[in-house]
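>>> One predicted model, sequence on top.
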Amino acid sequence: MAATGIDAVLRSLDAVIAQAIDDGDRAGYFAVLYRKVTAKVAEGLDAGFFDDAVRMERLDTVFAERYLDAVAAHRSGGSPTASWQLAFNAGSAWRPLVLQHLLVGINAHINLDLGIAAARTSPGDELPALRRDFDRINAILASMIASIQIDLQQISPWMGLLERFGARTQTEVVRFSIVTARHGAWRFAERLAVIPATDWDPIVTERDQRVARVGRSVLNPGPLMGAGLLLVRTRERGDVAANLSLLLGADEPSLDEVERSLDRPNP
């Protein structure tokens, strides 16, 4: 599912979300988050937020195509990467929380796709110059997640109970999805950037299997946390279309807030 430029990416994401609303597909929760992140990147391109706007639009497009191709493969009965297949399969399951759907999607897209997209956009000795804008796109995602916490609490009013089972909701979401993942994604990009793309397949496959294992731990975190998640899920609002609409309308961080977050210590 090729996308040409960030406007085409946004149109493709709108189509994915519309289909998720029609189907009641809970995998659409990540699509909404990703659409909001992509729109904020587009705003940043217009505002001169990135060091190299042309390069960033290329990165964003290559990055998005990884996700859109996975969606297309899944919907046509094909075989996306294992980490995306896990996320899509979870979309038809009752038990995962909206929060888990977001995390398992972020896991596949950041831990696998972002490193690949970065190495394709800036191969070899071009990669180091990408680092600041690479961090900015991750900071947009982190800030967007933080901004939708109020809306997530409307959907899952008992989510605060997870603290009693060993979780710290907002802090842990940001730490998992951004701080740890982005460092791993950059190291993965560094590994790929110095290797011919024709030799990537076994490396990407091995990485995909490890990322899928992380995704399985997100969906099945063990008996104690699992009990807490199940308790929270019994009170989570089940209207997928309404939940998607609510998240689409969630407040968004300003670019100034995103930039300031780059200079703050990791959570």
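Ah, there it is. Small disclaimer: the values here were computed from a predicted structure and weren't measured.
>>> Can you get me a residue count around the residue lying closest to residue 79 once chain neighbours are set aside?
Closest residue to residue 79 apart from its sequence neighbours, by C-beta to C-beta, 6 or more residues apart in numbering: residue 73 at 6.2 Å. Placement of C-beta: from N, CA and C, glycine included. Under the neighbour criterion other C-beta atoms under 10 Å, residue 73 is assigned a count of 17.
>>> What ranges in the stretch 51-200 of the chain fall below the confidence cut-off?
For the stretch 51-200 of the chain, the stretches with pLDDT under 70 are 163-178.
>>> Which parts of it are helices?
Secondary structure of the stretch 51-200 of the chain (DSSP state H, counting those that start in this stretch): helices at 53-75, 82-90, 98-108, 115-121, 131-147, 149-155, 169-174, 181-193.
>>> which ones are touching residue 108?
70, 81, 83-84, 86-87, 211, 215 (C-beta atoms under 8 Å, 6 or more residues apart in numbering).
>>> For the residues you listed, which single residue is the most surrounded?
residue 87 (31 neighbours).
>>> neighbours around residue 140, how many?
Neighbours around residue 140, by other C-beta under 10 Å: 27.
>>> typed the wrong thing, it's residue 161
Residue 161: 16 neighbours (other C-beta under 10 Å).
>>> Thought residue 230 was touching it, still the case?
No - using C-beta atoms under 8 Å as the test, residue 161 is too far from residue 230 to be in contact (11.0 Å).
>>> Relative to residue 86, how far out is residue 219?
Using C-beta to C-beta, to the nearest Å, one gets 7 Å for the distance from residue 219 to residue 86.
>>> any common contacting residues for those two?
Common contact partners of residue 219 and residue 86 (C-beta under 8 Å, 6+ apart): residue 104.
>>> can you give me the strands for the stretch 151-267 of the chain?
Under the criterion DSSP state E, counting those that start in this stretch, the stretch 151-267 of the chain carries no strands.
>>> give the contact list for residue 94.
Neighbours of residue 94 in contact, by C-beta under 8 Å, 6+ apart: residue 233.
>>> From the chain's centroid, how far away is stretch 239-258?
With C-alpha atoms, centre = their mean, to the nearest Å as the basis, stretch 239-258 stands 14 Å off its chain's centre.
>>> Looking at that stretch now, give me its mean pLDDT.
Summarised as a single mean, pLDDT over stretch 239-258 is 94.
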